[in-house]
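Student: got a structure for you, letters missing:
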């Protein structure tokens with residue numbers, strides 16, 4: 001189209017939306033295609049936002065986040081990760097996806113590339129491509145019952161136009177969790193080559209093998225490392241519709257980072273930030289309930305899928321997805337669309353998560369047991 005950049009006109013549709021648009025809102029379809037639980041945001045979070053709204057918190061505030069939320073975030077990161085983060089490094093511009101978009105935009109120009117550890121949430125590659133850059137995928141390997149990252153493949157993918165490495169841990173869709181040793185190695189790789197690192201840690205509280213959180217790059221990165229750590233309220237606190245995430249930036253140039261927050265969105269919705277602050281200050285019991293719910297969902301799904309003769313199943317260590325291969329499936333988008341039409345269950349196609357994933361499907365198990373059991377009954381019948 002005349003007047004639009006080629007990178008925009010060539011953007012492809014996101015394959016999860018290609019499935020969900022078939023039956024979004026249809027009560028007869030069990031929708032497990034999106035990354036959200038079936039829980040409503042807890043009362044104490046909603047009440048705090050409503051109180052702020054009733055108090056008239058409807059005006060402009062700091063583009064990088066309200067003082068109350070930034071202080072709550074600083075206290076939270078100190079409590080969970082044992083780190084002391086300066087207020088100037090904390091940005092709350094809007095959603096976590098907006099944070100990722102900002103981090104990408106701060107580093108790439110047309111013709112550059114970002115090395116992306118995949119499978120990966122599809123919007124990550126799309127935002128890189130929308131900037132006229134290349135998303136250079138380095139796939140995880142499935143070995144010995146878990147996903148693993150080959151650092152030599154990461155090194156081989158980096159060239160003189162590479163501006164950053166993107167990694168999500170716990171990973172969407174795989175549930176892979178980076179070890180501390182893997183994080184240190186990847187950080188050393190980016191330091192040695194003078195490139196950035198974007199760490200998507202939005203599922204960091206959703207881990208099942210001990211501890212309050214997954215290992216975080218916040219705990220090992222120096223203040224002046226070119227590291228952007230992104231997080232969100234969407235997952236652990238059941239706040240997907242609130243569109244509030246945060247980002248910890250390098251120590252410099254903080255003035256420019258805050259200016260970018262002003263340009264992109266001028267801050268997240270102000271009264272909603274009071275709800276987000278309440279989530280941090282009073283939400284640990286709810287987070288524990290969410291983890292327990294997801295662990296139960298994982299167990300239910302694993303009991304049914306791990307024994308199926310057509311399914312290749314790797315147990316997720318974090319997040320709230322089962323990402324499984326299906327023998328004989330070569331077109332995951334068509335397969336997922338057919339599941340909606342015939343089995344009335346909605347899954348995300350593996351093709352959404354990067355090249356080489358067409359043999360996979362993703363199922364969100366942050367759901368009630370009854371809902372999951374019915375969905376699995378329908379899925380197993382469709383696979384027979």
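Tutor: Perfect, I can see it now. Here the structure is a predicted model, which is why all the values come from computation and not from measurement.
Student: where along the stretch 251-384 of the chain do the strands fall?
Tutor: 311-313, 321-326, 345-346, 348-349, 360-364 (DSSP state E, counting those that start in this stretch).
Student: could you give the mean pLDDT of the last one?
Tutor: Looking at strand 360-364 alone, the average pLDDT works out to 98.
Student: mind giving me the packing neighbours of it?
Tutor: strand 321-326, helix 332-338, strand 348-349 (3 or more CB pairs under 8 Å, 6 or more residues apart in numbering; DSSP states H and E). C-beta: built from backbone N, CA, C; applies to glycine.
Student: make JSON lines out of the ones you listed and add mean pLDDT and distance to residue 118.
Tutor: Shown next, in JSON lines, are the helices and strands packed on strand 360-364 (pLDDT from 0 to 100; distance: least, CB to CB, whole Å):
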{"stretch": "strand 321-326", "mean pLDDT": "97", "distance to residue 118": "12"}
{"stretch": "helix 332-338", "mean pLDDT": "97", "distance to residue 118": "15"}
{"stretch": "strand 348-349", "mean pLDDT": "98", "distance to residue 118": "14"}
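Student: now for those, which one comes closest to residue 99?
Tutor: strand 321-326 (20.9 Å; CB to CB).
Student: mind listing what that closest one pairs with, with the direction of each?
Tutor: Using DSSP bridges, the strands paired with strand 321-326 are strand 311-313 (antiparallel), strand 360-364 (antiparallel).
Student: need the winner for burial among those strands.
Tutor: strand 360-364 (a mean of 25; mean count of other CB atoms under 10 Å).
Student: contacting residues around that strand?
Tutor: For strand 360-364, the surrounding residues in contact (CB atoms under 8 Å, 6 or more residues apart in numbering) are 32-37, 119, 173, 301, 320-326, 329, 332, 335-336, 347-350, 352-353, 375, 379.
Student: select only the buried ones of the residues you listed in ChimeraX?
Tutor: Filtering the contacts of strand 360-364 down to the buried ones (16 or more other CB atoms under 10 Å) takes a single ChimeraX command:
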select :32,33,35,36,37,119,173,301,320,321,322,323,324,325,326,329,332,335,336,347,348,349,350,352,353,375,379
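Student: look up how far residue 71 lies from the closest residue to residue 224 other than its chain neighbours.
Tutor: In space, and not counting its chain neighbours, residue 224 is closest to residue 251: 5.3 Å by CB to CB, 6 or more residues apart in numbering. From residue 251 across to residue 71, the span is 18 Å (CB to CB, to the nearest Å).
Student: do the same with residue 215
Tutor: In terms of CB to CB, residue 215 sits 25 Å off from residue 71.
Student: what of residue 114?
Tutor: 32 Å.
Student: more crowded one of these two?
Tutor: residue 114 (28 against 16; other CB atoms under 10 Å).
Student: quick one: mean pLDDT for the helix or strand hosting the more buried one?
Tutor: Element membership for residue 114, per DSSP states H and E: strand 113-118. Averaged over strand 113-118, pLDDT sits at 98.
Student: buried ones in the longest helix seen in the chain?
Tutor: Taking DSSP state H as the criterion, the chain has its longest helix at helix 284-305. For helix 284-305, the neighbour count (16+ other CB under 10 Å) marks 284, 286-287, 290-291, 293-295, 297-298, 300-302, 304-305 as buried.
Student: mean confidence score for that helix?
Tutor: 98.
Student: check contacts around the spatially most central residue of the chain.
Tutor: Taking CA atoms, centre = their mean as the criterion, residue 202 is the residue nearest the geometric centre of the chain, at 5.1 Å. Each residue near residue 202 by CB under 8 Å, 6+ apart is listed here: 96, 168, 172, 230-232, 234-235, 245.
Student: verify the stated contact: residue 125 with residue 135.
Tutor: Yes: at 3.8 Å, residue 125 counts as touching residue 135 under the criterion of CB atoms under 8 Å.
Student: where do the contact lists of those two overlap?
Tutor: residue 116.
Student: where does residue 150 land on pLDDT?
Tutor: Note for residue 150: predicted pLDDT of 97.
Student: read off the pLDDT value for the closest residue to it other than its chain neighbours.
Tutor: Distance criterion CB to CB, 6+ apart; nearest residue to residue 150, sequence neighbours excluded, is residue 141 at 6.0 Å. On pLDDT, residue 141 comes in at 94.
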